[in-house]
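what's the 3D shape of this:
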Amino acid sequence: MVESIVVKVLVGMLGVLFFLRISGKTQMAQLTPLDSVNAFVLGALVGGVVYNPDLSAWYMVLALGVWTVFNLLIRFLLRFKHLRRLIKGDTVMIDNTHNTAYDTGNMRFEECVFLAELIARADSAGIRSVTGGDWNQYPPDYIPSAAELSNPYFVPQQIDGRLFRRAGRFVYDAQHPSLRYLDRPFRADSSVRTLTDFFFVSPGIEVLSIETLPLDFHSSDHNPVVMKIVFSR
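Alright, predicted model coming up:
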């Protein structure tokens with residue numbers, strides 16, 4: 001009896017390790033619904049055989065083999081976009097960016113090229129994305145005032161919208177600036193302010209609202225920007 005349990009436990013451990021090796025799962029972070037199902041089923045398969053004296057270790061080997069083949073079939077089906085969404089659920093990539101402020105070369109453009117390619121790759125894989133932060137640039141269709149362009153120390157450039165055209169759209173609060181200039185102490189009645197904090201959202205994401213909170217730059221040279229979104233089908 002004891003020997004049988006020991007053999008079953010060893011077979012179960014080796015079988016689970018083999019399953020993890022075949023399935024390609026190497027860590028337990030960011031569990032998908034499929035991972036959760038696997039955890040429950042593997043526990044039931046191994047535990048059911050270990051604690052049932054009428055079942056030999058061969059039943060466990062057979063059950064783990066069938067479940068492994070089934071998972072390989074699921075992995076093949078995940079190659080198809082709509083089936084992947086049905087099996088694994090929606091995946092959203094959240095990016096935070098802080099692009100270069102004082103650029104004497106072409107760095108801000110290259111950073112946008114990198115972000116645009118990252119977002120496009122995610123979109124091609126069926127992954128929706130939200131990218132936000134301090135771009136240190138203007139949105140493509142934002143028109144700055146003469147005062148915003150007159151600062152000799154810091155002048156944001158316009159983002160080249162052609163880089164991001166096929167992957168989504170920029171959203172921002174056009175009524176409230178998010179950044180104040182730092183060349184002199186802040187005065188609410190005279191300090192120049194501009195807009196460099198905003199988001200880029202991919203198709204399939206509906207923006208309900210976006211607002212720059214009017215905190216008068218109390219603890220930073222930026223005011224926070226809050227966006228509410230929902231997933232659309």
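
what about the protein, any weak spots by pLDDT?
Low-confidence segments of the chain (pLDDT under 70): 1-6, 8, 12-13, 15, 19-20, 22-33, 81-82, 84-89, 233.

That one: strands as residue ranges?
92-98, 128-134, 137-138, 157-158, 169-171, 179-180, 193-194, 197-201, 205-212, 225-231 (DSSP state E).

possible to save these as a markdown table with mean neighbour count and distance to Thr104?
Every C-beta, even on glycine, is put in place using the N, C-alpha and C of the backbone. A markdown table is the format used below for those (neighbours: other Cβ atoms under 10 Å; distance: least, Cβ to Cβ, whole Å):
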| stretch | mean neighbour count | distance to Thr104 |
| --- | --- | --- |
| strand 92-98 | 13 | 18 |
| strand 128-134 | 20 | 19 |
| strand 137-138 | 22 | 15 |
| strand 157-158 | 12 | 12 |
| strand 169-171 | 18 | 25 |
| strand 179-180 | 22 | 20 |
| strand 193-194 | 20 | 19 |
| strand 197-201 | 23 | 23 |
| strand 205-212 | 14 | 29 |
| strand 225-231 | 13 | 27 |
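
Make JSON lines from the ones you listed and add distance to Arg108 to it.
Converted to JSON lines, the strands of the chain look like this (distance: least, Cβ to Cβ, whole Å):
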{"stretch": "strand 92-98", "distance to Arg108": "11"}
{"stretch": "strand 128-134", "distance to Arg108": "12"}
{"stretch": "strand 137-138", "distance to Arg108": "6"}
{"stretch": "strand 157-158", "distance to Arg108": "6"}
{"stretch": "strand 169-171", "distance to Arg108": "15"}
{"stretch": "strand 179-180", "distance to Arg108": "15"}
{"stretch": "strand 193-194", "distance to Arg108": "15"}
{"stretch": "strand 197-201", "distance to Arg108": "15"}
{"stretch": "strand 205-212", "distance to Arg108": "21"}
{"stretch": "strand 225-231", "distance to Arg108": "19"}
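
how about those, which one is nearest Arg187?
strand 179-180 (9.7 Å; Cβ to Cβ).

Verify the contact between Cys112 and Asn99 for me.
Yes: assessed by Cβ atoms under 8 Å, Cys112 is found in contact with Asn99 at 7.5 Å.

ok so, going back, compare the strands of the chain and give me the one nearest Asn151.
Short answer: strand 193-194, nearest of the strands of the chain by Cβ to Cβ, at 8.7 Å.

all helices of this protein, in order?
Assignment of helices within the chain using DSSP state H yields the ranges 2-23, 33-50, 57-77, 81-88, 107-124, 146-149.

Now do the same contact list for the nearest residue to Pro156 once chain neighbours are set aside.
Nearest in space to Pro156, with sequence neighbours left out and distances taken as Cβ to Cβ, 6 or more residues apart in numbering, is Gln137 at 4.9 Å. With contact set as Cβ atoms under 8 Å, 6 or more residues apart in numbering, Gln137 has these partners: Asn99, Arg108, Cys112, Pro156, Gln157, Gln158, Ile159, Thr196.

Give the bridge partners for the residue positioned nearest the centre of the chain, please.
For the chain, the residue nearest the mean C-alpha position is Met93 (1.8 Å; Cα atoms, centre = their mean). Beta-bridge partners for Met93, by DSSP bridges, are Ser129.

pretty sure it contacts Ser129?
Yes: Met93 is in contact with Ser129 according to Cβ under 8 Å; the separation is 4.1 Å.

joint contacts of the two?
In contact with both Met93 and Ser129: Ile119, Ala122, using Cβ under 8 Å, 6+ apart.

Lovely, talk soon.
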